[in-house]
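**Q** Attaching a predicted model along with its sequence, questions to come.
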Amino acid sequence: MKTLLKNPAQIVTVSTGGKNHKRGKELNEISVLENHSLIFEDDTIKDLIPNNSVKNRSDYKIIDVKDKIILPGLVECHTHTAFAGSRAEEFRLKLAGKSYEELAKLGGGINTTVTSVRNSSFDELVQLISPRINYFIVQGITSLEIKSGYGLDFENEIKLLRVIQHLQKIFPITIVPTFLGAHTIPNEMKKKRELYIEEIIQRMLPFLAENSLAKFCDGFCESTAFSADEIDLIFSQAKSIGLALKLHTEQFNSIGGLDVALKQQAVSVDHLEVIKDDDILKVAQSDSVAVLLPGVSFFLNYDYAPARKLIDANAIVALSTDYNPGSSNIADINFIMSLAALKMQMTIEETISAVTINAAKALLLSEEVGSLEIGKKADFAVFDAEDYSDIVYHIGKNLNGMTIKNGEVIYQNKNG
Ligand code: NIG
Ligand code: FE
């Protein structure tokens, strides 16, 4: 059955002419169609046609989107949604002057959440995480990455990945699982770090690959977490068993993570708040997506990643919330877009490319989603706005009124 998304004010196609990502200047070109409607059949986009040729379509199912703005379903490409517990107490300490790194060194930070996750059952985790996924769906997000990384031993990392696998089955959106066993050294292994790394390499990675529990292997290259050499070892094993790679790097310190990630052809390099000027060029000349996380800079009150320099150097830039309890307790993608515009000098158009096609590229999904082109999946976010710029202009306000995934309406607001 064919469906007509009829008469929207604008269709923001983010089309790429088959390239499936946007680099440098291309991020600013989002291709806005007016006086057009969109046709999809089952889960696939079939056509974008001028409104004056939308006659005699009585055999079509009609969804009236008059005065609304259609975007590709949004893609959230970096989240730690699978957590338990609260870090409000640490937030209080941070407000009183303690830094994120100091808290990590004292055995708090990520390890605080690890304790909460280890004390939570499978069912409790499903209960905690489910409303967070719904919150993303309400915002028009149709593809969502979720990392493990708060179990940090065999049993609990696998428990988290199994929870994510279960959520993949019960939610209608695409959920991409990422293994982040190399998030930090768990407190009980602080004096035996080699043993923990061996556990990741010899036990966790082979098990999760055999059981198809993750698409990506991620790590945190940082003085409070893993060295570049340690990440290199872990990545070599992950790659050899078929996982794609991502890396948290150049967040607080530049200790060689970026070079390892680029050498290992990581699909994305994430954070980059302290990236050096020479390294900007290296990223720009690679196919790795620079995933920028301005919510972390806002939440921890430190420098923003040099988005402008990266885009001007021709990099593929994406944006994400980095939703997590310690460094970005922010699950609102519209707020992240506004922050990127206000604090990182990105244009409104660039922020849209960064949460659609480039975020899809960061999840190796951009051949199917992230732009509205014939043959791609019928994934849409339908905004109640006069112009697409309203999405970024109304700060922290969700204007999405309808979410469509694989051709099915999976969320509609009451006024919609
Ligand atoms: O992306 N950088 C490391 N990981 C997360 C923070 C996780 C946490 O503090 O719980 C991040 O910022
Ligand atoms: Fe992160």
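**A** Right, received. Where do you want to start? This one's a predicted model, so the numbers in the text were calculated from it and none came from an experiment. Ligands and ions are numbered 1, 2, ... in the order given.
**Q** Any idea how many residues pack against residue 52?
**A** Number of residues near residue 52 (other C-beta atoms under 10 Å) recorded here: 8. C-beta here means a position set from N, CA and C on the backbone, and glycine is covered the same way.
**Q** Excluding sequence neighbours, find me the nearest residue to it.
**A** residue 35 (7.7 Å; C-beta to C-beta, 6 or more residues apart in numbering).
**Q** tell me the contacts of the one you found?
**A** Neighbour list for residue 35: 50, 51, 52 [criterion: C-beta atoms under 8 Å, 6 or more residues apart in numbering].
**Q** Need the per-residue pLDDT for residue 335.
**A** On the pLDDT scale, residue 335 is placed at 98.
**Q** let me fix that: residue 56
**A** 67.
**Q** Flag every buried residue along stretch 122-131.
**A** 125, 126, 128, 129 (16 or more other C-beta atoms under 10 Å).
**Q** and what of stretch 381-397?
**A** Result for stretch 381-397 [16+ other C-beta under 10 Å]: buried residues 381, 382, 383, 384, 385, 388, 390, 391, 392, 393.
**Q** How much space separates the last one from ligand 1?
**A** Which is residue 393. 27 Å (C-beta to the nearest ligand atom, to the nearest Å).
**Q** thought residue 117 was touching residue 157?
**A** No - between residue 117 and residue 157 there is no contact under C-beta atoms under 8 Å: 9.5 Å.
**Q** that older thread, which of the buried residues of stretch 381-397 fall in strands?
**A** Judged by DSSP state E, strands contain the following of the buried residues of stretch 381-397: 381, 382, 383.
**Q** still on that earlier bit, of the contacts of residue 35, closest to residue 85?
**A** Using C-beta to C-beta, residue 51 comes nearest to residue 85 of these, at 51.5 Å.
**Q** which residues does the closest one contact?
**A** Shown in contact with residue 51 (C-beta under 8 Å, 6+ apart): 7, 35, 36, 37.
**Q** Quickly note the distance from it to residue 7.
**A** Per C-beta to C-beta, to the nearest Å, residue 51 is found 6 Å from residue 7.
**Q** list residues touching both of those two?
**A** The contact sets of residue 51 and residue 7 overlap at residue 37 (C-beta under 8 Å, 6+ apart).
**Q** Alongside ligand 1, which residues does the stretch 51-200 of the chain contribute?
**A** Contact residues, the stretch 51-200 of the chain versus ligand 1 (C-beta under 6 Å from any ligand atom): 80, 109, 110, 113.
**Q** got JSON lines for those, with pLDDT, secondary structure and neighbour count too?
**A** JSON lines is the format used below for these (pLDDT from 0 to 100; DSSP: H, G, I helix; E, B strand; the rest coil; neighbours: other C-beta atoms under 10 Å):
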{"residue": "80", "pLDDT": "98", "secondary structure": "coil", "neighbour count": "25"}
{"residue": "109", "pLDDT": "94", "secondary structure": "coil", "neighbour count": "22"}
{"residue": "110", "pLDDT": "96", "secondary structure": "helix", "neighbour count": "29"}
{"residue": "113", "pLDDT": "98", "secondary structure": "helix", "neighbour count": "26"}
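**Q** Quick check: the two most widely separated of those?
**A** For those, the farthest-apart pair by C-beta to C-beta is 80 and 109; their separation is 12.2 Å.
**Q** Kindly point out which residues are neighbours of both of these two.
**A** Overlap of the contact sets of residue 80 and residue 109 (by C-beta under 8 Å, 6+ apart) is empty.
**Q** Could you measure from residue 89 over to residue 188?
**A** Distance from residue 89 to residue 188, by C-beta to C-beta: 21 Å.
**Q** which of the contacts of residue 51 lies closest to ligand 1?
**A** Of all these, ligand 1 sits closest to residue 36, with 38.9 Å by C-beta to the nearest ligand atom.
**Q** give me phi/psi at that closest one?
**A** Per-residue torsions, residue 36: phi -130, psi 160 (degrees, to the nearest 10).
**Q** Just to be sure, residue 19 is in a helix?
**A** No - with DSSP: H, G, I helix; E, B strand; the rest coil as the criterion, residue 19 is coil rather than part of a helix.
**Q** where along the stretch 1-150 of the chain do the strands fall?
**A** Along the stretch 1-150 of the chain, the stretches classed as strands by DSSP state E, counting those that start in this stretch are 2-6, 10-12, 32-33, 36-41, 44-50, 61-64, 69-72, 74-76, 141-147.
**Q** Over to the stretch 201-350 of the chain?
**A** Secondary structure of the stretch 201-350 of the chain (DSSP E, counting those that start in this stretch): strands at 216-219, 244-249, 268-271, 289-292, 316-319.
**Q** And these: which comes nearest residue 133?
**A** So among the strands of the stretch 201-350 of the chain, strand 216-219 is nearest, using C-beta to C-beta, at 18.2 Å.
**Q** Can you list the strands that the closest one pairs with?
**A** strand 174-182 (parallel), strand 244-249 (parallel) (DSSP bridges).
**Q** between those, which gets nearest to residue 266?
**A** Closest approach to residue 266 among the strands paired with strand 216-219 is made by strand 244-249 (4.1 Å; C-beta to C-beta).
**Q** Now do the contacts for residue 68.
**A** By C-beta under 8 Å, 6+ apart, the residues touching residue 68 are 8, 9, 382, 383, 384, 385, 401, 402.
**Q** ok so, going back, can you redo the strands of the stretch 201-350 of the chain as CSV, where the extra columns are mean neighbour count?
**A** Compiled in CSV, the strands of the stretch 201-350 of the chain are given as follows (neighbours: other C-beta atoms under 10 Å):
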stretch, mean neighbour count
strand 216-219, 28
strand 244-249, 27
strand 268-271, 28
strand 289-292, 30
strand 316-319, 31
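**Q** burial count for the residue lying closest to residue 225 once chain neighbours are set aside?
**A** Of all residues not flanking residue 225 in the chain, residue 184 sits nearest, at 4.5 Å (C-beta to C-beta, 6+ apart). Neighbours of residue 184 under the rule other C-beta under 10 Å: 23.
**Q** I'd assumed residue 184 was in a strand, is it?
**A** No - under three-state DSSP, residue 184 sits outside any strand and is assigned coil.
**Q** Next, it: phi, psi?
**A** Per-residue torsions, residue 184: phi -160, psi 170 (degrees, to the nearest 10).
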